[in-house]
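1. What follows is a predicted structure for the sequence shown.
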Amino acid sequence: MTTAFRRADSVYLSLTFALCTVGIILLASASSVESYQTYGDPNSMLVKQAIALLMGLGAMFILMGYDYHRLQKWSKLLLIFSFVLLLLPLIPGIGTELLGARRWISIGGFFFQPSEAVKLALIVYLAAWFPKIRLDREEAKQTFLPFVAILAFITIALVLQPDLGTAIVIIGTAVVMYFVAGAPAKLFAWIGIGVITGVLLLIQLSPYRAARLTVFLNPEGDAQGTGYHINQSLLAIGSGGLFGRGYGQSLQKYNYLPEAAGDSIFAVAAEELGFFLTVGLIALYVALFWRGVRLARSAADPTGQLIVVGITSWFIIQAFVNIGALTSLLPLTGEPLPFISNGGTSLIFSLAAAGVLLNISKSARQ
Amino acid sequence: MKVLHSRILKRFPGLRHGTATLAYQPLTFHGHKSAVVAAVRERFLRSLDIPLAELTLARQVHGSHIHIVSDAEQGSGAKNSATYLPAADALLTQWPNLALGVFTADCVPLLLHDPVTGWIGSVHAGWKGVVRGIVPKTLATLQAHGVRMQDLRAWIGPCICARCFTSADPQWAKQFFGFGNGVVTRKKNVYHINLRAAVQQQLRLAGVRKQAIATEGTCTKTNRWLASVRRDGKTDKHNLTVIARHAAPHDLRGKRVVVFGLGTLGGGVASVRFAAAQHAQVQVVDAQSAAALRPSRVALKGLPVTYHFGWPEKKMLPPADLIVANPGVRPRHPALVAARKAGARVTSDLALYRASSTNPIIAVTGTKGKTTVANWIAHLLAKQQPILAGNLQRSPLEIPKARDGKTPVVLEVSSFQLEHCDVPLQPRLSILTNLYADHLNRHGTMRAYAKVKAQLFAGTPGPVILPLDSAWRTFAPKLTLPKVYWTSDRPQRAAHAWLAAGWIMLRVGQRAVRLLQTKHLRGHDVAMLRNAVTVALAGKVLGLSLADIRKGLRSFRGVPQRFEVIRKLKGRTFINSTTATNPVAAIAALQSVPGRCILIAGGASKHLPMHAFAQAIRLRQALPIFLAGSATGQLLAALHAKHPVVQSMQAAVALAWRSSKPGDTILLAPGAASFGMFRNEFDRGAQFTRAVQKLR
């Protein structure tokens, strides 16, 4: 292929590096308290994340040089493998329970979160599958049920963990890909109905979700109970003001804010860096999204285009779900901020996905 | 990605091409309504900035027939299947505004372009076509039309790749064994055929340069945005690949443009305006003084232009990317030579016009009769509202309608203008009225002069009208012309139009047709009759009916300043023929005057022999009054007699008036250049007219 000699999109690559750099800097500050309390060393979590970053960059560069067409062949196998991994945490003895959730499997001292692998595997699988069928024709209806079945399986597995946030990101990403692939509008009405029904059902099943929804609508209602997290987050963001307390000066990370280095890192960033720099951070995600859309438009074939669309929407949806929850725009769900939150699996797979995208950018045309 | 392009072809401004992906369907008429298909095609072509009316398609048959598309076939097969061109798998044309299309689904769509001659081609090279040699045959056809293989650019469009194009049948694979390495490979008893490599090798063998071949890497079978028969079976979906050549406006934005020689005839002014409108940094350099160029400066008032007047001959021009040279500047002017060496492109207003327009041009050149013939042809074509432009007329650059892509432009082109024209004009019809000794002070020899004239139709795709009985046949350079029509002033076998016993004759098929009796024409002089023959033939070649040609010939009233009767006063007739700037034209004018003639002649010399003119004056017993100048000295020497020499036009007219008697004709036919006493020949004519009008 002549594409092997072309260069990957340098803008996207630079944006990825920028986000990783910002992430490590933020994490160094945000993780110090938790790290000291857990491991007795304020840098322990930072070192673990740095190792994950190196592994992620390795994965990214390997995938950058690996022709994405060849991923198509493996897509089905990868998806099944990721499904198996997804079920592992639920099996007692293998899965590890942390913070009331069974999302991880432990491998030699490292925790692995299979739901991150599912994201990438599903995107590649759908991108290989959709172009083979003519979504603008009768065949579309025949594909609808298998598509919904895959999503339902993932959702149920994730709800059992429970990890509703990831389910939302995955469903959102898959639906955007289905739309870009050209599925008829009628089917989206069905998907909409299905999602709303599912959400209502889940809220009925577990009372804490209903409580989170109540908190979302009225954050001050139960400030010490269910509303504690969101209130501490808003407190952190608010006390940052326009210019922040200064790097490393966060007070909220001292046990007030849960998951300060993980899902709540954005609140710590807002507290330390202030409004303007935080807007800059959001601008990085917007730029990553904009560049992704451009690359999708110029992709050389439908599979490449759908992978770019999938990865781009994954990042932006996940960033939105995370930041939205912490700023009380959305109900609280546990989703890491891509490239920044503490969590090795998330970082490695985000970087791997960026690598696939960069490989596609090599064969892009104007 | 909705359209695939080639990087190599994209480089040429004005060249448009691309392959439609499945985002545009249906593109063929099989089982679809014509209107639907036409709408889809239009949408695709609009993205390439090509009008649907330009799309030209042939019925493809996996053969090796080549069709050369003429401009009359523009739009064949674009809107319905009934108008497809007959079976052909390669379409070639030299005309602009023709979008040659080829349908494929796994076969190779091959696009060709020669930037030198302007030829473009689209080739349908399936494996059958490749085996039958459609590619070498197409290249041979191009070569026969003067395309050099080292100039050619080629794009091998999206086709099936070697990995997907397989067969287990060794008999079938054997057909490709004749090709070089890499075309046939065998893996596990399955043969893989690399069609791209096969076409590449055929191109290279014919002499196309390696760097001039671009290959699309994507495979039609694996890329689901492209149609593939091997993937989808018999399908109604196809990839449409098109190529079209449009006018490329010179992108002058921000460039340093020097207009060398502003002059007062309009060409310089038009060039300045054209360059300034494109935001170029324009400088004007002229050897003349600011006062002499006042009219031009007034016309350019307000434009951001730097002027340098009174520029010395030896001085270097300011640094420039592009120099627009006035026709009056000789090509070997030291300043131009130096500028070329410094990397500047030297061009002319006509070249700027040609490069920015695709309008059909009817170009007229020749030693004499250019203006009359151009005016006359414009008169003949009156129904199409043609534009008359060129030498000593308005510059076509100034006329917006001359760039609308359709209005015919009748262009009068002088040999001086051709010298700086660095872009082939490619007229729809080229006409050489005649060729006499003229301008030899600039061109040197007749052979050089003829060579400059020949630049008009060198490499043209259109027909050419040439004079059979003139110096042309003696001095013409070697040329390959597509179609030549000959004019003559006497019956000759080879002529297509000629004069015979008071008739203008025209060959229609094998028959000689009496077109018009010469007495029906307004002017009777020999030059006028010759011009009428040329115009009649031009009308015929342009496809006018004989009745229309007759009507146009009869109703033409002549051209201002060319044997123009400007006043009749007390029995004297005043005729202005100031455009007779060489002896031959002056003799023709002199011989056309009935009765006693007072001739105002002479002026600056063009280094032409004056003996014939002197002899004509003697034989005609004309009373000459000479305008002072170097040619006058030559004439006086040849006449061996004393004749009055005056210093101004007013004095000449006054003297002529005093020496005239009723029944005389007072004729201005200088037979010499106007330089020195007048700004140009029109200034000379205008001064004559003014002086005559003042007479009481």
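-> Arrived safely, thanks for sending.

2. Chain B - how does it break down into domains?
-> Taking automatic domain parsing as the domain assignment, the ranges for chain B are B:3-245, B:256-347, B:351-554, B:564-694.

3. Where does pLDDT dip in the stretch 301-450 of chain B?
-> With pLDDT under 70 as the threshold, the stretch 301-450 of chain B has low-confidence stretches at B:392-393.

4. mind showing which ranges of chain B have poor pLDDT?
-> Counting by pLDDT under 70, the ranges of chain B that qualify are B:1, B:248-251, B:264-265, B:392-393, B:459, B:522-525.

5. need the residues of it near chain A, please.
-> Contact residues (C-beta under 8 Å from any C-beta of the partner chain) of chain B with chain A: B:1, B:4-5, B:215, B:217-218, B:222-225. Backbone N, C-alpha and C define where each C-beta goes, glycine included.

6. Output the longest strand belonging to chain A.
-> In chain A, ranked by residue count with DSSP state E as the criterion, the top strand is strand A:101-107.

7. Neighbouring strands - and their directions - for that one?
-> Each strand pairing with strand A:101-107, determined using DSSP bridges, is listed with its direction: strand A:95-98 (antiparallel), strand A:110-112 (antiparallel).

8. Export these to TSV and append columns for distance to A:Ile348 and mean neighbour count.
-> Conversion of the strands paired with strand A:101-107 to TSV gives the following (distance: least, C-beta to C-beta, whole Å; neighbours: other C-beta atoms under 10 Å in any protein chain shown):
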stretch	distance to A:Ile348	mean neighbour count
strand A:95-98	18	14
strand A:110-112	9	16
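
9. is it possible to export these to a markdown table including mean pLDDT?
-> Rendered in a markdown table, the data for these read as follows (pLDDT from 0 to 100):
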| stretch | mean pLDDT |
| --- | --- |
| strand A:95-98 | 70 |
| strand A:110-112 | 78 |
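
10. rewinding a little: contacts for the longest strand of chain A?
-> The set of residues that contact strand A:101-107 without belonging to it, under C-beta atoms under 8 Å, 6 or more residues apart in numbering or on different chains, is A:85, A:88-90, A:94-96, A:98, A:111-115, A:160-163, A:334.

11. Swap in 6 Å and give it another go.
-> Under the contact criterion C-beta atoms under 6 Å, 6 or more residues apart in numbering or on different chains, strand A:101-107 has outside partners A:88-89, A:94-96, A:111-113, A:161, A:163.

12. Same check on stretch B:371-390?
-> Taking contacts as C-beta under 6 Å, 6+ apart, the residues outside stretch B:371-390 that touch it are B:364, B:396, B:399, B:401-402, B:407-413, B:433, B:531, B:534-535, B:538-539, B:552, B:556, B:559, B:562.

13. Now, of those residues, which are buried?
-> With burial judged by 16 or more other C-beta atoms under 10 Å in any protein chain shown, the buried subset of the contacts of stretch B:371-390 is B:364, B:396, B:399, B:402, B:407-413, B:433, B:531, B:534-535, B:538-539, B:552, B:556, B:559, B:562.

14. Which element, helix or strand, includes whatever residue of the stretch 451-600 of chain B ends up closest to chain A?
-> Across the stretch 451-600 of chain B, no residue is closer to chain A than B:Pro461, which sits at 32.5 Å (C-beta to the nearest C-beta). Using DSSP states H and E, B:Pro461 is not contained in any helix or strand.

15. hang on, it packs against B:Leu92?
-> No - no contact is recorded between B:Pro461 and B:Leu92 when judged using C-beta atoms under 6 Å, the distance being 10.7 Å.

16. Is the residue sitting nearest the centre point of chain A part of a helix or strand, or is it coil?
-> Taking C-alpha atoms, centre = their mean, the centroid of chain A lies closest to A:Gln318, which sits 4.3 Å from it. Three-state secondary structure (criterion: DSSP: H, G, I helix; E, B strand; the rest coil) places A:Gln318 in helix.
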